[in-house]
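> Just to be clear, the model below is a prediction. Sequence and coordinates:
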Amino acid sequence: CDRRQRQLCIRDRCYTAYHWLPSLLVDLRRSMPGLEVTLAVEHTRDPIPALEAGDIDVALLTQATIPRATLGARKLFSDEIVFVVASSHPLAGRKTLTRDDLREHTLLTSQTPPAESHWFLTQVFGRERPRLRFERLPLTEAMFDLARAGLGVAVISEWIAGPHLGKGDLVAKRLASGPLQRSWRIAWRREASEAAHRLATALEGLAPRRLAAG
């Protein structure tokens, strides 16, 4: 990002996923007059090198290792990965889902970094590496559209899924083995500490609520 202005570049995995992001950015600009906030979606797969190179100032992270000697970091909260299906889907009537259910149905996911994919497989299947059918989609809306059509099971954060569940055509489930909890952190370049702390405080107020049945 251009450093000739007072500018904060935020790495975000998928802008369309986060319904709260526009109002959050407005609040951040109001709290720091003169600050120009931009989103750097091109660095979604490899944010840490982008932070260290100065290409972005702040990143929202889940599984990445943060080198604390060069970057600031702060834990935000945990969210749950849920499994969203159409209300007419054969799995919709289940109280919880099993690993076999995931083997038998197409899993609709975003184009996640390898570290997040590894975390998911390890949390669900342990050392087993089953043959799974993934449909990786660039837009969150496409995941929900395919799920509504009964074409798969959307694997997604409850933080993102919430606004899509109000119409009754989609339901969220969790695994019988228990919730898949994932920790969120924020990392920043030292030069962006003030803005990063304000952003972190605002994000902590947006912690997700439990959505899945069971």
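All right, it came through fine.
> which residue packs closest to the most centrally placed residue in the chain, ignoring adjacent ones?
The chain has residue 157 as the residue nearest its centroid, 5.8 Å off, counting by CA atoms, centre = their mean. Leaving aside its chain neighbours, residue 157 sits nearest to residue 79 (5.0 Å; criterion: CB to CB, 6 or more residues apart in numbering). Yep, even glycine has a C-beta here, placed from its N, CA and C like the rest.
> Against which helices or strands is the host helix or strand of that neighbour packed?
Assigned by DSSP states H and E, residue 79 falls within strand 71-86. The contact analysis (3 or more CB pairs under 8 Å, 6 or more residues apart in numbering; DSSP states H and E) places strand 71-86 against helix 47-53, helix 140-148, strand 153-157, helix 158-161, strand 170-173, strand 180-189, helix 193-204.
> Dump those to JSON lines, plus distance to residue 85 and mean pLDDT.
Listed next are the helices and strands packed on strand 71-86 as JSON lines, based on distance: least, CB to CB, whole Å; pLDDT from 0 to 100:
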{"stretch": "helix 47-53", "distance to residue 85": "31", "mean pLDDT": "84"}
{"stretch": "helix 140-148", "distance to residue 85": "6", "mean pLDDT": "93"}
{"stretch": "strand 153-157", "distance to residue 85": "5", "mean pLDDT": "94"}
{"stretch": "helix 158-161", "distance to residue 85": "11", "mean pLDDT": "84"}
{"stretch": "strand 170-173", "distance to residue 85": "6", "mean pLDDT": "96"}
{"stretch": "strand 180-189", "distance to residue 85": "16", "mean pLDDT": "88"}
{"stretch": "helix 193-204", "distance to residue 85": "28", "mean pLDDT": "83"}
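> one step back: make sure the residue nearest to residue 157 is actually in contact with residue 184.
Yes. At 6.5 Å, residue 79 counts as touching residue 184 under the criterion of CB atoms under 8 Å.
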